[in-house]
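Undergrad: My questions concern the predicted model and sequence given below.
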Amino acid sequence: MQTLIQKTEALFGPSIGYLLRRWYWILLSGLLIGLLGILLAWVAKPNYISRLSFSVDEDNGIANNFGSLAASFGLDLGSPGGVFAGENIIELVKSRRIIEGALLSPTTYNGKQLPLVEYYLQQNPDEGKKKRPVYSLQQARSNYSREQDSLLGVIYKGLVEGGLYVGKVDKKLSIIEIQATTGNEKFSKEFTENLMAEISRFYVDSKTSRSRNNVALLQKKADSIRSVLYGSISARAAILDANMNPTFQAPMAGVQRKQTDMAVLSAAYGEILKNLEGAKYALSKETPLVQIIDVPIYPLKMKKPGRLIYGLAGGFIGSICAAFFLYFMLMLKRIGSSPKQPLVEL
């Protein structure tokens, strides 16, 4: 051992030889820090990973036909999906509007209904202040205080930067995966499911808003015409009941007017019903299908620090720190033992 140290000292200098002679201190420091790393990995709280994958199928009709025709000539007209096309939907899932909607969705805890964000804060008291604001299902989002908005922003930022991943399973596929990683199993699962519900609702509502408005308008007109038509039928019957004697023709003029109104209203009502059915069919064609492929199921996958990795990393760091400390002490000893230089008067 001494011969090896002497050869190393001659090759690399006395400083390396000094460290090799104190190898036991370096080894002991590595062992202690390595054991500390294993202990930290042992007592560390696990994180729970919740995964959900989905795909969006929509009928773009003519847009797809033109896209196929353009592709046959080597042209790219882009995706007709607008804000929901390509990578846009991934950023939409990570938007504050969608994530806040998921956090403010109701959940059940100890037999009580409360927002998911309130459950999250109760399980993670360090996330909020000592006197943090309380979130309730009875309070409207528009009535939130500045403190509530601020705390929601902090939670949103923490989730987006560290606990939420949204991306495609494969670049060639249209399957999107949502993955939430937190220290609470219930929160991870319900947060992922709420995100999916929010994005589905927002996506379908945005795609079908115009058609739904048309259906509602036509339904309102149909109800109005039907009400007037039924009124005319009742008025005609009342006139006939009041004038049972067919000898008098003057009262029959009112009957004929009601019959004319009934004929016009019946034609208009039939046309409105035809248009209403067409609008409902168009709405069903425009409604995109958000197909959920995989859903999170208990028990969720746990993620804990590896004891072996932490032990090896701790041992390496401990050994390096011990070597630097010994080298630093050697330099101090050399500086202290070197002869003092006399001052030179200028």
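TA: Sure thing, it's come through.

Undergrad: switch to C-alpha atoms for all contacts and neighbour counts from now on
TA: Will do.

Undergrad: Could you report the pLDDT at residue 163?
TA: If you check residue 163, the pLDDT there is 85.

Undergrad: and it, what is it in contact with?
TA: Residue 163 makes contact with 180, 181, 182, according to Cα atoms under 8 Å, 6 or more residues apart in numbering.

Undergrad: again, but for residue 52
TA: Residues near residue 52 by Cα under 8 Å, 6+ apart: 177, 178, 179, 192, 193, 292, 293, 294, 295, 296.

Undergrad: Shouldn't it be within a strand?
TA: Yes: counting by DSSP: H, G, I helix; E, B strand; the rest coil, residue 52 is found in a strand.

Undergrad: To which secondary structure element is residue 33 assigned?
TA: Per DSSP states H and E, residue 33 falls inside helix 23-43.

Undergrad: follow-up on the earlier one: ok, so of the contacts of residue 163, who is nearest residue 272?
TA: Nearest to residue 272 out of the contacts of residue 163 is residue 180 (Cα to Cα; 48.6 Å).

Undergrad: What segments of this protein are strands?
TA: 47-57, 106-109, 112-115, 164-168, 176-182, 289-294, 301-303 (DSSP state E).

Undergrad: Quickly compare those strands and say which is most buried.
TA: strand 176-182 (a mean of 22; mean count of other Cα atoms under 10 Å).

Undergrad: Bridged to residue 114, which residues?
TA: With DSSP bridges as the criterion, residue 114 is bridged to residue 107.

Undergrad: who touches it in this structure?
TA: 106, 107, 108, 135, 136, 137.

Undergrad: so for stretch 141-160, what's the average pLDDT?
TA: For stretch 141-160, mean pLDDT is 91.

Undergrad: If you could redo that for stretch 311-322, that was the one I meant.
TA: 85.

Undergrad: Can you tell me which of the contacts of residue 163 is nearest residue 43?
TA: Nearest to residue 43 out of these is residue 182 (Cα to Cα; 16.6 Å).

Undergrad: end-to-end on stretch 300-314?
TA: End-to-end distance for stretch 300-314, by Cα to Cα, to the nearest Å: 29 Å.

Undergrad: Reformat the strands of the chain as TSV; add distance to residue 238.
TA: Formatted as TSV, the strands of the chain follow (distance: least, Cα to Cα, whole Å):
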stretch	distance to residue 238
strand 47-57	56
strand 106-109	55
strand 112-115	56
strand 164-168	68
strand 176-182	65
strand 289-294	52
strand 301-303	74
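
Undergrad: Is it correct that residue 191 is in contact with residue 104?
TA: No: using Cα atoms under 8 Å, residue 191 is not in contact with residue 104; the gap is 9.9 Å.

Undergrad: List the contacts of the residue nearest to residue 135 when sequence neighbours are not counted.
TA: Distances taken as Cα to Cα, 6 or more residues apart in numbering place residue 118 nearest to residue 135, at 5.7 Å, with adjacent residues excluded. Taking Cα under 8 Å, 6+ apart, we find residue 118 in contact with 134, 135, 136.

Undergrad: Rank the helices and strands of the protein by mean pLDDT and give me the bottom one.
TA: helix 62-72 (a mean of 45; mean pLDDT, DSSP states H and E).

Undergrad: all helices of the stretch 51-200 of the chain, in order?
TA: 62-72, 88-93, 96-103, 116-123, 146-158, 185-242 (DSSP state H, counting those that start in this stretch).
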